[in-house]
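Trainee: What follows is a predicted structure for the sequence shown.
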Amino acid sequence: MLAGFHSVDAAPQGVPIHARCGGAGPPLLLLRGHPQTHLLWHRVAPALAQHFSVVAANLRGYGDSARVPADADHAAHSKRTMALDMLRLMDSLGHRRFAVLAHDRGARVAHRLALDHPHVVSRMMLLDMAPTLAMYAGTHLAFARAYWHWFFLIQPAPLPERLIEADPVAYLRDVMGRRHAGLAAFAPAALAEYERCISIAGSATAICEDYRAGAGIDLEHDRADQAAGRRLQLPLRVLWGAHGAVGSCFDVMALWSAAADAVSGRALECGHYIAEEAPEALLGEAFAFFKE
């Protein structure tokens, strides 16, 4: 579905990471969200590749990147560790400094990447997310109902793993299909690829560990940044779906303004899956922001 893109397989921290690369120009890293793969960008990546060197990467535990065993403090799936995967992947491709466009869980990795390595990320666009610490702190009933998987996936092993592994495709379809646009938003070939990858052995563990890290060690890192007064200083653009839970449950701009010095953003007329529901609007935003 990404004609003209070639596959790259690297192991930047000894963990194989799979990406698709295409185009020429300034480097642009694309990071996918749960429970999808790099193919969530299939409606925008070819157009971006006409102006940028696009790297559409899969985080560890997703797509065809490696599944990593669980560890006691979930550090192997912390956003700090995942961010270092991406930093070293881009370095292996010759990209010492680059822009980032990221969605959902990938956006949380991008947030950590820009905090930990501010000299590397030139500018960043984040889709349908707010800072993790602020979202947990502001959780209420409406958010818990909409983002039920946040609280299901962090339960101690092996309960959520066992339930997902009983029917991983049903889990994926429930998570994605219950949102604003339903499953009709997804191209059949892309949906089939998401289903293939979530069925790979070890996927349920990787997903749960990602979220357990998000509710544990990642919050420790976020609190340390907050205590030290560390904020994002790069140009940041945030977009969210007008019909998504993030925008309806949180004041997205207020939360990002508390965490970043140079932030702008707005809602788009779509739900959570912006790149697949509103690709033309996203492309307009991306070209205006990344070509400045």
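Mentor: Cool, got the structure. Computed from a predicted structure; not experimentally measured.

Trainee: So, low pLDDT: which residues of the stretch 1-150 of the chain?
Mentor: Applying pLDDT under 70 to the stretch 1-150 of the chain picks out no residues at all.

Trainee: what sits against the residue lying closest to Leu59 once chain neighbours are set aside?
Mentor: Excluding the flanking residues, the one nearest Leu59 by CB to CB, 6 or more residues apart in numbering is Met82, at 5.3 Å. The way it works is simple: take the backbone N, C-alpha and C, and place the C-beta from them, glycine included. Met82 sits next to Leu59, Arg60, Val109, Arg112 when contact means CB atoms under 8 Å, 6 or more residues apart in numbering.

Trainee: The third one and Gly33, how far apart?
Mentor: According to CB to CB, to the nearest Å, Val109 stands 10 Å off from Gly33.

Trainee: Neighbour count: these two, which is higher?
Mentor: Neighbour count, other CB atoms under 10 Å: between Val109 and Gly33, Val109 has more, with 30 against 24.

Trainee: got a winner among the contacts of Met82 for most neighbours?
Mentor: Ranking the contacts of Met82 using other CB under 10 Å puts Val109 first, with 30 neighbours.

Trainee: Find the residues that touch each one of Val109 and Gly33.
Mentor: Contacts common to Val109 and Gly33, judged by CB under 8 Å, 6+ apart, are Ala102.

Trainee: that older thread, could you report the separation of the residue nearest to Leu59 from Ser264?
Mentor: Met82 is 26 Å from Ser264, by CB to CB.

Trainee: What strand or helix carries the residue most central in space within the chain?
Mentor: What sits nearest the mean C-alpha location of the chain, by CA atoms, centre = their mean, is Gly106, with 1.6 Å. According to DSSP states H and E, Gly106 maps onto helix 104-116.

Trainee: Quick one: list the elements packing against that helix.
Mentor: Applying 3 or more CB pairs under 8 Å, 6 or more residues apart in numbering; DSSP states H and E, we find helix 104-116 packed against strand 27-31, helix 79-92, strand 98-103, strand 121-127, helix 203-214, helix 217-228.

Trainee: What angle do helix 79-92 and it make with each other?
Mentor: 80 degrees (axes from the mean of the first three to the mean of the last three CA atoms, to 10 degrees).

Trainee: ok, residues contacting helix 104-116?
Mentor: Contact with helix 104-116 is made by 29-34, 59, 79-80, 82-84, 86-87, 100, 102, 120-121, 124, 126-129, 131-132, 210, 214, 218, 221, 225, 230, 232, 234, 272, as judged by CB under 8 Å, 6+ apart.

Trainee: Stretch 177-187 too?
Mentor: 1, 42-43, 173, 176, 191, 194, 241, 243-244, 270-273, 276-277.

Trainee: Next: stretch 6-19.
Mentor: Contacts of stretch 6-19 (CB under 8 Å, 6+ apart): 20-22, 38, 55-60, 63-66, 68, 81, 84-89, 91-93.

Trainee: Show the end-to-end separation of that stretch, please.
Mentor: Criterion CA to CA, to the nearest Å; first-to-last residue distance in stretch 6-19 is 8 Å.

Trainee: quick one on the thing from earlier: could I get the helix holding Gly106 in PDB with only the CA atoms?
Mentor: Taking C-alpha atoms only, helix 104-116 is exported to PDB below (Å, rounded to 0.1, in the frame of the first residue of the first chain):
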ATOM      1  CA  ASP A 104      -1.600   8.100  19.700                       C
ATOM      2  CA  ARG A 105       1.000   5.800  21.400                       C
ATOM      3  CA  GLY A 106       3.600   6.900  18.800                       C
ATOM      4  CA  ALA A 107       2.900  10.500  19.800                       C
ATOM      5  CA  ARG A 108       3.700   9.600  23.400                       C
ATOM      6  CA  VAL A 109       7.100   8.200  22.200                       C
ATOM      7  CA  ALA A 110       7.600  11.300  20.200                       C
ATOM      8  CA  HIS A 111       6.900  13.500  23.200                       C
ATOM      9  CA  ARG A 112       9.600  11.600  25.200                       C
ATOM     10  CA  LEU A 113      12.000  11.700  22.300                       C
ATOM     11  CA  ALA A 114      11.800  15.500  22.100                       C
ATOM     12  CA  LEU A 115      12.200  15.900  25.900                       C
ATOM     13  CA  ASP A 116      15.100  13.500  26.200                       C
END
